[in-house]
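Undergrad: got a sequence here, can you model it:
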Amino acid sequence: MAKVQRGVGGSVVLNRHGSRLWPALRSSCIGLRLIDTMRCGRTSVVSSQEQLQRSKKKKEKKEMSDLKKRNEGSERLSELLKWEVESLGDVDGEVKKKMEVFSAFQRVVKVLQFGEGKAKKEAAIDVRRLAKEDAEARVALAMLGAIPPLVSMIDCEDEEFHVASLYALLNLAIGNDVNKAAIVKTGAVHKMLALLKTLTSQAVSDAMVANFLGLTALDSNKAIIGSSGAVPFLVSVLVNPNTTLQAEQDALRALYNLSICASNAAPLLETPLVPTLLSLLGDMATSERSLAILANLSSTPDGRRAISKGPNAFTLLVDALTWADSPNCQESACYIIMMLAHKSWADRQALNSRVFESEKGKQIEAGGSAVAPVSAPICGGGGEGWGGGDMSEERMAVKEMVQLSLQSNMRRIVMRANLPQEFAPSEHFKTVTATSSSKSLPF
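TA: Okay, here's the model as predicted:
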């Protein structure tokens with residue numbers, strides 16, 4: 001027979017042998033509960049469908065909560081501004097004006113967040129207009145929550161929505177690193193790349209290129225965009241015959257921004273970027289940026305290999321050294337050649353066999369009289385490459401000026417590139433430049 005023993009913690013049920021009955025009772029209760037559940041045909045495990053529904057509701061609730069917080073934040077700011085206006089009375093008209101502008105921003109953002117159809121598109125156009133030349137407007141519109149709805153508009157099927165949202169985002173990012181980071185964090189890059197699968201509009205393509213240019217200007221975005229799959233799209237813009245001049249320039253500048261980040265070398269070299277850039281040399285509108293990208297790539301072993309294997313790479317680079325009217329192209333070309341020659345014996349041999357040959361300095365005869373060569377020789381003896389025979393005092397003076405100019409340029413390049421002093425002009429270089437000219441052009 002069970003008996004009850006009282007203690008400090010209350011009553012304890014004991015059996016006739018004096019041991020506790022709780023373990024047995026607990027086991028029997030669990031067993032009864034299990035039997036009851038089986039009889040009723042129920043289970044305590046929630047179905048996967050119910051879990052998905054709950055998860056969806058929870059996500060919607062969180063989104064509404066975040067949106068409410070943003071609205072509450074903007075309303076609080078609006079109330080503070082209103083209080084400031086009321087406290088100042090009619091003293092400060094500028095504050096009242098700012099209050100009115102901020103209220104207009106609020107209305108535009110609310111349409112972006114809750115509007116539909118044409119009204120939402122018009123709101124995106126308003127954001128583009130307001131943020132175009134106003135740095136304070138970019139800050140205020142982003143703070144009010146304009147970026148997320150604009151990014152979500154990229155998923156729309158209407159081309160006009162794409163253009164309106166992309167240019168609005170572009171203007172919000174101008175000169176504002178916080179907005180640049182927020183646009184990428186919100187998922188704009190992946191949405192733009194997803195849009196490429198159905199992209200047929202040149203206007204949308206140009207807007208995407210312009211956005212990539214703006215977003216890659218921020219260092220923290222470079223690696224993210226470089227690994228996202230944007231590089232093949234930007235390279236395709238360069239080879240597309242329908243590409244506008246502005247889009248081509250934007251694509252080159254975006255690729256230059258990406259090439260600054262060392263981790264982007266691999267995705268850049270996986271595309272036909274190097275041959276494409278070499279093919280653009282000779283066009284002064286694209287040569288400077290193309291050589292700058294190649295210079296960045298030449299700092300990596302894979303980049304140097306890709307450049308040295310490019311079609312007519314050494315000839316094109318040496319020709320660029322003679323563009324007297326483009327010192328930036330000369331500097332980049334010289335840097336690339338130095339990197340190739342310094343790091344690879346094979347490249348030094350290739351330079352020697354392809355460039356430093358006597359054929360390079362053959363003269364062009366016109367009307368029985370000798371004239372200066374189209375492409376000046378890199379090395380030679382006596383008066384070769386300068387019309388042959390004895391040179392006049394004028395030619396000697398020009399030759400000396402060219403020699404001094406090349407030596408001075410080489411010193412500046414070495415200093416800017418922070419290269420070892422072994423690259424500094426030597427006596428051998430002075431001998432080489434003694435018969436060089438900087439007047440020839442590659443076309």
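Undergrad: the nearest residue to residue 339 once chain neighbours are set aside: neighbouring residues, count only.
TA: Leaving aside its chain neighbours, residue 339 sits nearest to residue 298 (4.3 Å; criterion: CB to CB, 6 or more residues apart in numbering). In short, each C-beta sits where N, CA and C put it, glycine included. The local packing of residue 298 (other CB atoms under 10 Å) involves 21 other residues.
Undergrad: can you give me phi and psi for residue 298?
TA: When read as degrees, to the nearest 10, the backbone of residue 298 gives phi -70, psi -10.
Undergrad: how much space is there between it and residue 280?
TA: 16 Å (CB to CB, to the nearest Å).
Undergrad: pLDDT weak spots in the stretch 201-350 of the chain?
TA: 324, 343-344, 347-350 (pLDDT under 70).
Undergrad: where do the helices sit along it?
TA: 202-216, 219-226, 230-239, 245-260, 265-269, 273-280, 284-297, 301-308, 313-320, 327-343, 345-354 (DSSP state H, counting those that start in this stretch).
Undergrad: residue 178 is nearest to which of those?
TA: helix 219-226 (11.0 Å; CB to CB).
Undergrad: what residues does the closest one touch?
TA: Helix 219-226 is contacted from outside by 180-181, 184, 189, 212, 215-216, 257-258, 260-261, 263-264, 267-268, using CB atoms under 8 Å, 6 or more residues apart in numbering.
Undergrad: can I get the CA coordinates of it in PDB?
TA: Extracted in PDB, the C-alpha atoms of helix 219-226 (Å, rounded to 0.1, in the frame of the first residue of the first chain):
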ATOM      1  CA  ASP A 219      35.900  49.400 -53.800                       C
ATOM      2  CA  SER A 220      33.700  47.100 -51.700                       C
ATOM      3  CA  ASN A 221      31.500  46.400 -54.700                       C
ATOM      4  CA  LYS A 222      34.400  45.500 -57.100                       C
ATOM      5  CA  ALA A 223      34.900  41.900 -56.000                       C
ATOM      6  CA  ILE A 224      31.100  41.300 -55.700                       C
ATOM      7  CA  ILE A 225      30.300  42.500 -59.200                       C
ATOM      8  CA  GLY A 226      33.400  40.900 -60.700                       C
END
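Undergrad: quick revisit: in a markdown table, list the helices of the stretch 201-350 of the chain along with distance to residue 141 and mean neighbour count.
TA: Shown next, in a markdown table, are the helices of the stretch 201-350 of the chain (distance: least, CB to CB, whole Å; neighbours: other CB atoms under 10 Å):
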| stretch | distance to residue 141 | mean neighbour count |
| --- | --- | --- |
| helix 202-216 | 16 | 23 |
| helix 219-226 | 20 | 18 |
| helix 230-239 | 25 | 20 |
| helix 245-260 | 23 | 21 |
| helix 265-269 | 33 | 19 |
| helix 273-280 | 36 | 20 |
| helix 284-297 | 32 | 22 |
| helix 301-308 | 40 | 19 |
| helix 313-320 | 44 | 21 |
| helix 327-343 | 37 | 21 |
| helix 345-354 | 52 | 14 |
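Undergrad: can I get those in JSON lines with distance to residue 97?
TA: Below are those laid out as JSON lines (distance: least, CB to CB, whole Å):
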{"stretch": "helix 202-216", "distance to residue 97": "29"}
{"stretch": "helix 219-226", "distance to residue 97": "35"}
{"stretch": "helix 230-239", "distance to residue 97": "41"}
{"stretch": "helix 245-260", "distance to residue 97": "35"}
{"stretch": "helix 265-269", "distance to residue 97": "48"}
{"stretch": "helix 273-280", "distance to residue 97": "49"}
{"stretch": "helix 284-297", "distance to residue 97": "43"}
{"stretch": "helix 301-308", "distance to residue 97": "54"}
{"stretch": "helix 313-320", "distance to residue 97": "54"}
{"stretch": "helix 327-343", "distance to residue 97": "45"}
{"stretch": "helix 345-354", "distance to residue 97": "64"}
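Undergrad: nearest to residue 149, out of those helices?
TA: Of the helices of the stretch 201-350 of the chain, nearest to residue 149 by CB to CB is helix 202-216, at 16.3 Å.
Undergrad: pull the residues that contact that closest one.
TA: For helix 202-216, the external contacting residues (CB under 8 Å, 6+ apart) are 159, 162-163, 166-167, 169-170, 173-174, 180, 183-184, 188-189, 192, 195-196, 199, 221-222, 225, 230, 233-234, 237, 242, 244, 246-247, 250-251, 253-254, 257-258.
Undergrad: quick one: it to helix 245-260, angle?
TA: Interaxial angle, helix 202-216 versus helix 245-260 (axes from the mean of the first three to the mean of the last three CA atoms, to 10 degrees): 30 degrees.
Undergrad: by how many degrees do helix 202-216 and helix 219-226 diverge?
TA: Orientation of helix 202-216 against helix 219-226 (the same axes, to 10 degrees) gives an angle of 140 degrees.
Undergrad: may I have the distance across stretch 232-250, first residue to last?
TA: One end of stretch 232-250 to the other measures 15 Å (CA to CA, to the nearest Å).
Undergrad: what comes into contact with it?
TA: 193, 196, 202, 205-206, 208-210, 212-213, 251-252, 254-255, 258, 271-273, 276, 280, 285-286, 289.
Undergrad: what of stretch 175-189?
TA: With CB under 8 Å, 6+ apart, stretch 175-189 has contacts from 135, 138-139, 142, 147-148, 151, 154, 169, 172-173, 211, 214-215, 217-218, 220-221, 224-225, 228, 230.
Undergrad: buried stuff in it?
TA: The neighbour-count check on stretch 175-189 (16 or more other CB atoms under 10 Å) flags 176, 179-184, 186, 188-189 as buried.
Undergrad: correct me if wrong: residue 323 contacts residue 329.
TA: Yes - in this structure, residue 323 is within contact of residue 329 by CB atoms under 8 Å, at 5.2 Å.
Undergrad: which residues are common contacts for the two?
TA: Residues within reach of residue 323 and of residue 329 at once, by CB under 8 Å, 6+ apart, are residue 287.
Undergrad: hmm, back to that, and the residue nearest to residue 339, how far is that from residue 334?
TA: Counting by CB to CB - residue 298 and residue 334 are separated by 11 Å.
Undergrad: same question for residue 192.
TA: Taking CB to CB, one finds residue 192 at 37 Å from residue 334.
Undergrad: repeat that for residue 114.
TA: 58 Å.
Undergrad: now swap in residue 132 and tell me
TA: Using CB to CB, residue 132 is found at 40 Å from residue 334.
Undergrad: just residue 128 next, same as before
TA: Residue 128 is 43 Å from residue 334, where distance means CB to CB.
Undergrad: could I get the buried residues of stretch 175-189 as TSV with secondary structure?
TA: Listed next are the buried residues of stretch 175-189 as TSV, based on DSSP: H, G, I helix; E, B strand; the rest coil:
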residue	secondary structure
176	coil
179	helix
180	helix
181	helix
182	helix
183	helix
184	helix
186	coil
188	helix
189	helix
